[in-house]
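Student: Have a look at this prediction, sequence included:
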Amino acid sequence: MTPGIPGFAPSFPGVTLERLQSWLPTIITVVVAVCAVIVALAVVSRLLRRLAPRAHWYLFGFPLLRLRMGHSWRHLCLNAGLTGTDRPTTGQLGPLLVKGQPIMPVLPLLRRIRPRSFGATAVILLHPGQIPEPFVNAAEAMAHAWGVHAVRVDARLRGRVRLTILTADPLTSQPSEPTTKAAEPSEPPARQAAVTTYLPATTAPVVPAVAVPADLVAETGHREDGQQWVIDLVTFPHWLVTGATQSGKSTLINAAVAQWATRPVALVGIDCKGGMELAPHAPRLSALATDRAEAANILAALVTETQRRMRLCRQHGARNIWQLPPEVRPVPVIVIVDELAELYLVASRAEKDEALRATTHLLRLAQLGAALGIHVVVAGQRVGSDFGPGVTALRAQLAGRICLRVNDEETVKMTLGDLYPDAVEAAQQIDPAVKGIAVTTADDAGWIRARSVYLSPEQLAAVIAATAHLAPVLPDLTPPAA
């Protein structure tokens with residue numbers, strides 16, 4: 001019995017009350033210090049979340065996510081049926097084969113958990129006999145278990161599944177403008193094209209003299225999986241963009257033009273609504289049509305240009321312009337057609353021949369231009385079979401598709417239905433309150449939701465002013481008047 005406290009006996013041998021009393025100040029000091037550290041970390045975390053969200057994620061958010069993933073992985077796999085087995089589940093009982101549930105399930109391995117600006121990535125190593133489908137179905141369960149916005153499952157790799165973990169919806173906040181960065185003169189052309197982005201009016205753009213394929217890639221925003229949204233004219237030479245008024249269609253085109261304007265490419269505008277939409281781009285355009293007659297003439301001149309480029313490729317034994325020597329390689333041409341309906345719809349018999357001439361030349365460019373460096377980006381508020389049989393033939397040549405919010409179901413089906421029937425419903429559910437949301441072609445994912453970057457009129461004007469001197473002169477085409 002300890003003297004002074006009747007009935008009290010220490011729980012641990014050798015620990016007396018006097019010793020506990022001597023430790024008490026130290027214990028209190030440690031507890032106070034720990035509490036102070038926790039409070040300090042909470043304050044720092046809140047400040048970083050507000051002032052430096054990315055630093056907060058790497059210092060606090062990702063370590064906590066890593067702990068949640070490790071703690072819940074076993075329960076998640078057992079409840080979602082993601083386990084495998086290292087022993088056969090079928091055995092022989094006399095003349096019968098008996099199949100049962102594995103008694104000792106084996107968890108798939110969760111490896112390579114890496115932080116990213118949008119969340120994290122991880123790789124799941126599958127056991128022999130496992131297939132990716134259960135992991136695709138369990139994506140929502142993973143998101144709930146880890147407390148994140150969404151988990152995207154990529155099952156293209158054999159024997160493994162790649163996870164993209166999104167901590168927030170990338171499409172709920174307006175994408176920020178890409179960071180301005182000019183290429184160093186010593187860099188090779190391909191690298192220069194890849195890093196040249198929006199430039200202020202006071203900065204002279206640094207671009208290579210000869211175009212490279214990277215010049216045809218424009219970053220226009222970001223996708224719902226956290227990756228950059230790009231319009232890639234190499235992977236998909238021609239694009240169809242549909243969107244109702246105030247859906248973000250013009251914003252998307254502005255973002256793409258602002259990227260292409262800094263590259264050694266020619267931009268040609270077809271805007272039969274009097275040039276109102278593409279007028280801000282005029283100083284950088286090599287030609288601009290403001291009515292259907294001008295559009296027919298410009299498209300006819302570009303068809304003639306395709307014939308010239310065919311002869312050039314034939315002389316050098318090349319199958320496309322990128323196989324030509326740099327000194328003879330012609331400049332790529334990007335034809336932007338705003339409001340396709342103005343080319344197709346006619347109000348009188350006199351306009352029929354003019355419309356047929358313009359749309360026929362546009363179809364020929366879409367059929368012949370891919371290998372010859374002439375690319376078509378067609379935009380409109382709606383696209384329908386009532387335009388005529390030519391619009392279906394044109395659509396077949398436009399492999400890249402972008403559908404923003406539209407007002408009718410037929411436009412959605414014409415834009416996405418022939419390539420991605422399951423994307424039609426997703427496009428019809430676009431929230432009208434959020435501008436710039438689109439369902440778009442993705443080279444590796446079939447289709448995906450994305451949101452375009454917002455470029456203010458002042459920013460666009462600065463880019464056009466800084467790059468106006470880069471507009472090349474094309475044969476038989478007159479640059480637009482100032």
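Tutor: All right, it came through fine.
Student: C-terminal to the helix or strand bottoming out on mean pLDDT in the chain, what's the next element?
Tutor: Within the chain, confidence by mean pLDDT, DSSP states H and E is lowest for helix 189-195 among all helices and strands, at a mean of 34. Going down the chain from helix 189-195, the next helix or strand is strand 217-223, by DSSP states H and E.
Student: mind listing the helices for the stretch 101-250 of the chain?
Tutor: With DSSP state H, counting those that start in this stretch as the criterion, the stretch 101-250 of the chain has helices at 133-137, 139-146, 189-195, 249-260.
Student: lowest-confidence stretch among those?
Tutor: If you rank the helices of the stretch 101-250 of the chain by mean pLDDT, helix 189-195 sits at the bottom with a mean of 34.
Student: if I read this right, Arg68 contacts Met142, doesn't it?
Tutor: No - the pair Arg68 / Met142 is not scored as a contact, 10.6 Å apart, by CB atoms under 8 Å. (Glycine included, C-beta is placed from N, CA and C.)
Student: The two: which has the busier surroundings?
Tutor: Shown here are Arg68 and Met142; by other CB atoms under 10 Å, Met142 has more neighbours (22 against 14).
Student: My guess is that one contacts Leu76. True?
Tutor: Yes - contact between Met142 and Leu76 holds when scored by CB under 8 Å: they sit 6.6 Å apart.
Student: Could you give me the buried positions within stretch 380-395?
Tutor: 380-383, 387-388, 390-391, 394-395 (16 or more other CB atoms under 10 Å).
Student: roughly how far is that stretch from the heart of the chain?
Tutor: Centroid separation between stretch 380-395 and its chain, computed with CA atoms, centre = their mean, to the nearest Å, is 26 Å.
Student: Would you state the strands of the stretch 351-482 of the chain in chain order?
Tutor: Shown for the stretch 351-482 of the chain, the strands assigned by DSSP state E, counting those that start in this stretch span residues 374-380, 400-403, 437-442, 446-452.
Student: okay if I get those strands as TSV plus distance to Lys99 and mean pLDDT?
Tutor: Compiled in TSV, the strands of the stretch 351-482 of the chain are given as follows (distance: least, CB to CB, whole Å; pLDDT from 0 to 100):
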stretch	distance to Lys99	mean pLDDT
strand 374-380	57	95
strand 400-403	46	94
strand 437-442	40	90
strand 446-452	36	88
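Student: Please tabulate those in JSON lines, including the columns distance to Cys313.
Tutor: Listed next are these as JSON lines, based on distance: least, CB to CB, whole Å:
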{"stretch": "strand 374-380", "distance to Cys313": "13"}
{"stretch": "strand 400-403", "distance to Cys313": "23"}
{"stretch": "strand 437-442", "distance to Cys313": "27"}
{"stretch": "strand 446-452", "distance to Cys313": "32"}
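Student: Quick one, which of those gets closest to Arg19.
Tutor: Checking the strands of the stretch 351-482 of the chain against Arg19 by CB to CB gives strand 446-452 as the closest, at 65.0 Å.
Student: For that closest one, what is the distance to the chain centroid?
Tutor: Relative to the centre of its chain, strand 446-452 is centred 6 Å away, using CA atoms, centre = their mean.
Student: what about Trp229, neighbour count?
Tutor: Trp229: 26 surrounding residues under other CB under 10 Å.
Student: So which of the strands of the stretch 351-482 of the chain is nearest Val34?
Tutor: Between those, strand 446-452 lies closest to Val34; by CB to CB that is 43.6 Å.
Student: ok, now which ones touch Gln323?
Tutor: Residues in contact with Gln323 (CB atoms under 8 Å, 6 or more residues apart in numbering) are 313, 316.
Student: domains in this structure, as residue ranges please.
Tutor: 50-82+105-166, 189-470 (automatic domain parsing).
Student: which residues touch the closest residue to Ile113 other than its chain neighbours?
Tutor: Leaving aside its sequence neighbours, Ile113 sits nearest to Ala122 (CB to CB, 6 or more residues apart in numbering; 4.5 Å). By CB under 8 Å, 6+ apart, Ala122 lies in contact with 69, 110-114, 162-163, 165.
Student: Redo these as a markdown table? Include pLDDT, distance to Gly81 and neighbour count.
Tutor: Compiled in a markdown table, those are given as follows (pLDDT from 0 to 100; distance: CB to CB, whole Å; neighbours: other CB atoms under 10 Å):
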| residue | pLDDT | distance to Gly81 | neighbour count |
| --- | --- | --- | --- |
| Met69 | 91 | 18 | 20 |
| Leu110 | 90 | 16 | 17 |
| Arg111 | 89 | 20 | 10 |
| Arg112 | 89 | 23 | 14 |
| Ile113 | 90 | 22 | 16 |
| Arg114 | 89 | 26 | 10 |
| Arg162 | 89 | 20 | 17 |
| Leu163 | 90 | 17 | 22 |
| Ile165 | 88 | 21 | 25 |
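Student: Now Ser127, what are its backbone angles?
Tutor: Actually, residue 127 is His rather than Ser. phi -80, psi 160 (degrees, to the nearest 10).
Student: Show the model's pLDDT score for the residue nearest to it when sequence neighbours are not counted.
Tutor: Residue nearest to His127 in three dimensions, not counting chain neighbours: Gly84, with 3.4 Å by CB to CB, 6+ apart. We have a pLDDT of 74 for Gly84.
Student: Specify the beta-bridge partners of Gly84.
Tutor: Gly84 forms beta bridges with Val106, as assigned by DSSP bridges.
Student: Against Ser72, how distant is it?
Tutor: Applying CB to CB, to the nearest Å, the value for Gly84 to Ser72 is 18 Å.
Student: Likewise for Arg112?
Tutor: Distance from Arg112 to Ser72, counting by CB to CB: 18 Å.
Student: so what does the longest helix seen in the chain touch, helix or strand wise?
Tutor: Longest helix in the chain by number of residues (criterion: DSSP state H): helix 17-51. Packing partners of helix 17-51 (3 or more CB pairs under 8 Å, 6 or more residues apart in numbering; DSSP states H and E): helix 53-56.
Student: The helix it packs on: how far from the chain's middle?
Tutor: Offset of helix 53-56 from its chain centre (CA atoms, centre = their mean): 22 Å.
Student: now do stretch 326-341
Tutor: 23 Å.
Student: first vs last residue of that stretch, how far apart are they?
Tutor: Stretch 326-341 stretches 38 Å from its first residue to its last (CA to CA, to the nearest Å).
Student: okay, now the residue lying closest to Tyr58 once chain neighbours are set aside: neighbour count?
Tutor: Residue nearest to Tyr58 in three dimensions, not counting chain neighbours: Pro115, with 5.7 Å by CB to CB, 6+ apart. For Pro115, the neighbour count with other CB under 10 Å is 17.
Student: likewise Phe60?
Tutor: Neighbour count of Phe60, defined by other CB under 10 Å: 17.
Student: give the contact list for it.
Tutor: 41, 45, 48.
Student: Double-check the last one against Leu59; I have them as touching.
Tutor: The reference is to Leu48. Yes - under the criterion of CB under 8 Å, Leu48 makes contact with Leu59 at 6.8 Å.
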